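Participant: Just a sequence and a predicted model for now, questions to come.
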Amino acid sequence: MDMAGHSLLLLQQLNMQREFGFLCDCTVAIGDVYFKAHRAVLAAFSNYFKMIFIHQTRKRKLGCTVCGRTFFRKSQLLEHMYAHR
């Protein structure tokens, strides 16, 4: 497979993953519309997103859309989901 074919296949596969929400690690909100995406793809194609991700702090609040609570550590979110603590 040549380089162009390889690149096209990779982007097609990433787009299919995005359409199914598979391995997406961020959500882009435009008004009230939300899109699942891969941070690596956004950063690769956009300096705007690259700068957002570079300057994003490691400590992010994690929200649970089911109960509306906010957690500061992944472990807190998992404890809540599995054991309701």
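Facilitator: Nice, thanks for sending it over.
Participant: just the strands in the protein please.
Facilitator: 26-30, 33-37, 62-63, 70-71 (DSSP state E).
Participant: Any idea which of the ones you listed has the lowest pLDDT on average?
Facilitator: Mean pLDDT per stretch puts strand 62-63 lowest among these, at a mean of 60.
Participant: Which strands and helices lie in contact with the longest helix anywhere in the chain?
Facilitator: The residue-count maximum for a helix in the chain (DSSP state H) belongs to helix 3-20. Contact partners of helix 3-20 among helices and strands, from 3 or more C-beta pairs under 8 Å, 6 or more residues apart in numbering; DSSP states H and E: none. For the C-beta atoms, the positions are set from N, CA and C on the backbone; glycine is no exception.
Participant: Kindly calculate the angle that it makes with strand 33-37.
Facilitator: Counting by axes from the mean of the first three to the mean of the last three C-alpha atoms, to 10 degrees, helix 3-20 lies at 130 degrees to strand 33-37.
Participant: that older thread, dump the strands of the chain into TSV; add mean neighbour count as well.
Facilitator: Below are these laid out as TSV (neighbours: other C-beta atoms under 10 Å):
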stretch	mean neighbour count
strand 26-30	11
strand 33-37	12
strand 62-63	13
strand 70-71	14
